[in-house]
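Engineer: here is my input; please provide its structure:
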Amino acid sequence: MATIVLGAQGKLGGSLIRHARRAQAGWVSQGRSAGADIVWSGDFDAAETGLIAAKDSTVINMIGSANGDTAALTAINVTFVESLLKHCASAGVAHVILASSVAVYGAGDGADFEESAALSPLTPYGISKARMEDVARGLTDTADCPAVTILRIGNVAGADALTRIAATHHGKGSPMTLHRYPDGSVPVRSYIGPADLFDVIRTLVPRPAEPLRILNIAAPTPVPLDRVLVAYRDHVFPDLKWDDAPTPTGVPPRVVLSTDALQRVVSLPWDADYPAEMAGQVAQDHAL
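Structural biologist: Alright, predicted model coming up:
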């Protein structure tokens, strides 16, 4: 059974393919330019779309956008996915894995988000991912739709906003900002390292018994952002510096995913110093 990664030239898709090649998993990559196993524009009217959906395969969709106006986000995160699922149904694909986001939950009340929680996205990106999930849910009610697994992914070390900001300031030699609340605490978030993300998704590739499966994707223990920065300084960005500043209004102190459902399917990584572990994975990913 083939496993095909769409968007393999993006951050998350590229990381998955690098780890798949290292593990000799035999995954097939799709991208828009040379270097991918399948070069495809993303146009479902193009003749080469037959190449992306081998019968009985698993298709992992990492094509998506976090930026742009509502129309652009809808086109990439919603309309494309609807076309993909219909195309995969026609081609006899067994299983489609879709990348969603913790952003579909919104700010919450500090409790860990379970997959059954009501969705209250606050951003255009989160809203587009919630709409994508609605489309997938509707299509899995049809008899010929592949099984669908929706991954509500937390922060992925190396592909998150904190990494991007740290890399920019490290390159300039200037300190970045770390937000703190009046009591001295910092925001706490769910994270997963890139190698662990690959291991989790690899385990989820076989077609599940249920037509629709929704899982939070993160390491079991959430991490404070100051510990993430220390780990990045120690393993990825030497001499990274930061200054404390008051946390802006509206930034929730705790956005954490429950991984209870995931742990019933996958053996998750855990380490007392997981920030160091995932930062080491980022350094390894850069080396790959």
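Engineer: what is the burial count for residue 263?
Structural biologist: 13 (other CB atoms under 10 Å). Backbone N, C-alpha and C define where each C-beta goes, glycine included.
Engineer: once you drop chain neighbours, what's closest to it?
Structural biologist: residue 220 (7.0 Å; CB to CB, 6 or more residues apart in numbering).
Engineer: over to residue 73?
Structural biologist: Leaving aside its sequence neighbours, residue 73 is closest to residue 128 (4.0 Å, by CB to CB, 6+ apart).
Engineer: packing partners of the helix or strand where the one you found lies?
Structural biologist: Assigned by DSSP states H and E, residue 128 falls within helix 124-139. Applying 3 or more CB pairs under 8 Å, 6 or more residues apart in numbering; DSSP states H and E, we find helix 124-139 packed against helix 70-74, helix 80-91, strand 95-101, strand 147-153, strand 212-217.
Engineer: please repeat the previous calculation with a cut-off of 6 Å.
Structural biologist: helix 70-74, helix 80-91, strand 95-101 (3 or more CB pairs under 6 Å, 6 or more residues apart in numbering; DSSP states H and E).
Engineer: show me the shaky parts of this protein.
Structural biologist: Counting by pLDDT under 70, the chain has low-confidence residues at 46-54, 287-288.
Engineer: run the last query once more with 80
Structural biologist: 1, 45-55, 142-143, 269-272, 286-288 (pLDDT under 80).
Engineer: what ranges do the helices span in it?
Structural biologist: 11-22, 70-74, 80-91, 124-139, 161-172, 194-204, 225-235, 260-263, 274-287 (DSSP state H).
Engineer: quick one: contacts of the longest one?
Structural biologist: Put plainly, it is helix 124-139. With contact meaning CB atoms under 6 Å, 6 or more residues apart in numbering, helix 124-139 is reached by 66, 70, 73-74, 77-78, 81-82, 85, 100-101, 103-104, 119, 121, 145, 148, 150.
Engineer: and those, which of them are buried?
Structural biologist: Buried members of the contacts of helix 124-139, scored by 16 or more other CB atoms under 10 Å, are 66, 73-74, 77-78, 81, 85, 100-101, 103-104, 119, 121, 145, 148, 150.
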